[in-house]
Each structure stands twice: as C-alpha cells, then as structure tokens.
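**Q** Only the shape, not the letters, is given here:
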C-alpha cells in the first residue's frame, strides 16, 4: 500500500509540474502548420508496430575544437560511416569556410558543411521533450510519459540524439529543445513577426512600417543571433513560420483591405492610402465612383474603414501592398541579422504551400533578393509537384527546402481528424508514401533538404489548435514506429546519390 501511495504521488507531481509549466509550453509549442479540418475516419483495429528498442543512453560526444582540419573520426559514433562529423557526404568535398553555406556544383545546389562536404539537410521538427500541450488534459502527455520512462531529461536527450543519427537525420528542425543544439546541426526559427503581433490562428499581420519595428528587430536579433554568430553547428535562421500574405484558410481578406481598418495615424494605413492613390493615378473622381464615396482628396481615405471593391486598380494596389510589405520586412530583418551574424544562412519564412496567386509570386520575387534558401511547408500530395516547383525555381533562382511535410496512418489509433496531410491505413503505407515523396523530391537540382513534421505524435485529445494526428516517428510513449524508422534509415543514406545522379530542373 505504501508503494502504491508513493507511485501515485510521483504521478501527481509529474502531471502537476506540466500544468505549472503551461506558459512555457505555449512558448515552446509555436504555431507549426495550417489546420485544415478533415472528416473523421474510422480507426483501424490493428495497432501500429512500435518498439521499446534496447537503446544506448551513453552521453553523445562532440569535440569543441574550432578548426577546419578536424579529423573525421572525431564525429559522433552514431553517424553513418560515409558522413562527416557535421553530417556532410564524404564523397564530394568543396572549399571549407567554417560555416554552412550554399554552393552550386555542375548546376546542382547543395548545402556545404563547415568542413567543405556537401550536405543535404535531413531534419525533424518538434524534437522537443516538452511535447504538445493538450488543453483538454491540462498538460503534455508526451512530457509526462518520458519523465516516467527515463527519469530525467538528460537520458531522453542521449537516446534521442543517438536515434536521429542512427536513423540518418542530420538536422534539428524548428521548435526543438535547445539542449540538442550542441550535438548536431540545427536551425533556429526567430519568429520575428510571431513575437510582434502576428497571430497564426487568425492570420492577423502587424503594422511594420513604423520605427518601432526596426527597434524591435534590432533588440531581438542582438539577443538571439549575436550569441550564435560563431557556432559552426547552426545551419541558419528561419525568419518566421506561415505568415499570411493574403487570402488563405485563416481569412479571406487581402492585406491591403486589412490595413484599411487601421486608425488614420497608423504608419501602415498611410502606406495603404498612398498605394491606392498611385493605383488610381491621383484620380479622386474615379476612386469615388468605385467606392461610392464623395471624397475631395485622397487624404480623406485615411478615415475610411469600409470595403474595397474588386476593381482592376484595387487589384494592382493589393499586389503592390504585399510587395511593399515584403520589401520592408525582408530589408529590415535580413540587414540587421547580417549586422550581428554575417556567418549564417537565411532560410526563408516557411511559406505554407506553393505560391499560385499574383501577390504570392510578387512576395517570392522580393524574398529571393534577400534569403539564401526558400523554405516551403508542403502537405496533401503523394508525390512532389515537380512541374510547379520547377516553375517557381525559374522565377526565384534560389535553392528550395521543404521544411514541413508529413503523412498519417489510421493504425496508430489516433483520431487524425484535424491537421494537414494525407492519411493512410497502415504505417507501411505511410512509410512507402514518405519514401516516394522524398526520393522524387531530391531528384530536383535545386532542392537542398527536407524536414519531417514531427518527431512525436500529437495527443489524441488534441493540442492547442485541436490537431490530434499521427505525425510522429515515435508515438506518445516515445516508442518508434518500426516501419518509419527502417524506411528513414534506408532513405536518408541514399538521397545524396539521388541528388547527384538524377538531376531534374535547370
């Protein structure tokens, strides 16, 4: 009886600690992808194959020697033999710079690791011991489970790093635990607008045209990028995640229309009015006819909060506003980042889907002037849309990385009722789809990496936005899905050969 009471007390402490960390959890579980509700599907009665593998918990080792002549044997022992200590491919070496960079070799793009070896970024998002907080439970079940299972976060870290390297991954993706950064290459999402008023769930975009935005970015970058400037393990920075540049699943309105709702004194409202004035060639009579107003000058538009008509002039103004917003955003953020950290790559904004509308293509043209890599989150397709990706590349002429993609399976026992991505019946089908997607993706000359969403399953009770899906390589108990693991071990160790030999796209 005494043992039972002690065990119950331990469980209560674990659950209670996660509740007390609720605020922290919300900051860790940053908004990750679009939430397109799918119809409920019947859950398979045959459970997925998982394993409680006997895994080593030996602490990973990483030399701290800062030199470009490091010996290959100094790498982590769980890296496959054909890779460098940074995860670069030993078969092809270029000039080392001490940091990750991009190079184009024989018309094919590659990351290049600090030692000069070509590198395909094979990453996983949300490798985070905090897991997904479930409002319905009041805590994160994954976090509670790993504490019960391992007894310490350090043991989880050791097992997780060993797993990722053995499974062929070489990059820690977005929203992952910072404690992992010292063991293998990693990315950082600066979440610049995410911490400046952007609301991921509603798509509300902040006014960035005032000097306050410059001051904010200066401080944020100073404290977040300057300390990382000499870290050779940092692959690069994402600026934000899935910003809303116009009508999407969150809102049907254009940015120009949204900014017309702002007060007359707002810097963004003034920019919006100036753009409309230009679109109408300063013809107030023509504007009044389209709006049904009796304004005497364009200055009166500053006090206008009504709807904008779908005219040719307003259409041009909407596109121009996105272009000007993008110019302001990228010019300020990238210039300040380069001021404090000239060594690392700018990996884009993790755009949701492929750009198809005029204003989206205008955004990509602007973005391509500032970033080193275009990052795209891509769901709901069995095979990569190669033709569309090639069309995009011809416009931007920059390498592309898929920074979110995933598939789900019903045999996981999870509801899979909310969240992006296709759902298959079994883990085998899920693994096969993943293998096909990546192998075809990496045949494109301009693709330099892929990041799987995500490391662990979401709670069946739903995370902050209700997503309840089988996105994990491991389940909520931190048990790997064998079909996925075996597939990734094979896939991740052959993509360099695919990228080198099967070159599609100029």
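**A** Nice, I can see it. Just so you know, these numbers come straight off a predicted model, no measurement behind them. Numbers count the residues shown, from 1 in each chain.
**Q** contacts, neighbours, all on C-alpha from now
**A** Fine.
**Q** Show me the helices in this protein, by range?
**A** Ranges of helices within the chain are 2-20, 22-28, 141-150, 153-166, 211-224, 255-259, 267-279, 284-291, 312-340, 358-368, 386-396, 427-441, 482-492, 495-501, based on DSSP state H.
**Q** Can you check which of the ones you listed gets nearest to residue 118?
**A** Across the helices of the chain, residue 118 has its closest neighbour in helix 495-501 (8.6 Å, Cα to Cα).
**Q** tell me the average confidence for that closest one?
**A** Averaged across helix 495-501, pLDDT comes to 95.
**Q** And stretch 258-265, by the same measure?
**A** Averaged across stretch 258-265, pLDDT comes to 98.
**Q** Could I get the buried residue list for that stretch?
**A** 258, 259, 260, 261, 262, 264 (16 or more other Cα atoms under 10 Å).
**Q** how about the residues you listed in JSON lines, adding distance to residue 424?
**A** Shown next, in JSON lines, are those (distance: Cα to Cα, whole Å):
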{"residue": "258", "distance to residue 424": "39"}
{"residue": "259", "distance to residue 424": "42"}
{"residue": "260", "distance to residue 424": "44"}
{"residue": "261", "distance to residue 424": "44"}
{"residue": "262", "distance to residue 424": "45"}
{"residue": "264", "distance to residue 424": "51"}
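**Q** Show me which of the residues you listed is closest to residue 246.
**A** Checking the buried residues of stretch 258-265 one by one against residue 246 (Cα to Cα), the nearest turns out to be residue 258, at 9.5 Å.
**Q** So residue 451 versus residue 173, what's the distance?
**A** Distance check for residue 451 against residue 173: by Cα to Cα, to the nearest Å, it reads 7 Å.
**Q** who has more neighbours, the two?
**A** Neighbour count, other Cα atoms under 10 Å: between residue 451 and residue 173, residue 173 has more, with 28 against 22.
**Q** Contact partners for the more buried one?
**A** Going by Cα atoms under 8 Å, 6 or more residues apart in numbering, residue 173 touches 123, 124, 125, 126, 127, 186, 187, 188, 451.
**Q** How about the contacts made by the closest residue to it other than its chain neighbours?
**A** Spatial nearest neighbour of residue 173, excluding adjacent residues (Cα to Cα, 6 or more residues apart in numbering): residue 125 at 4.3 Å. Taking Cα under 8 Å, 6+ apart, we find residue 125 in contact with 172, 173, 174, 175, 176, 404, 451, 452, 453, 454, 455.
**Q** 6 Å instead?
**A** For residue 125, the contact set (Cα atoms under 6 Å, 6 or more residues apart in numbering) comprises 173, 174, 453, 454.
**Q** Model confidence for it, exactly?
**A** Model confidence at residue 125, expressed as pLDDT, equals 98.
**Q** quick revisit: kindly reformat the helices of the chain as JSON lines containing distance to residue 89.
**A** Listed next are the helices of the chain as JSON lines, based on distance: least, Cα to Cα, whole Å:
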{"stretch": "helix 2-20", "distance to residue 89": "40"}
{"stretch": "helix 22-28", "distance to residue 89": "32"}
{"stretch": "helix 141-150", "distance to residue 89": "33"}
{"stretch": "helix 153-166", "distance to residue 89": "14"}
{"stretch": "helix 211-224", "distance to residue 89": "30"}
{"stretch": "helix 255-259", "distance to residue 89": "43"}
{"stretch": "helix 267-279", "distance to residue 89": "47"}
{"stretch": "helix 284-291", "distance to residue 89": "60"}
{"stretch": "helix 312-340", "distance to residue 89": "28"}
{"stretch": "helix 358-368", "distance to residue 89": "27"}
{"stretch": "helix 386-396", "distance to residue 89": "25"}
{"stretch": "helix 427-441", "distance to residue 89": "17"}
{"stretch": "helix 482-492", "distance to residue 89": "11"}
{"stretch": "helix 495-501", "distance to residue 89": "7"}
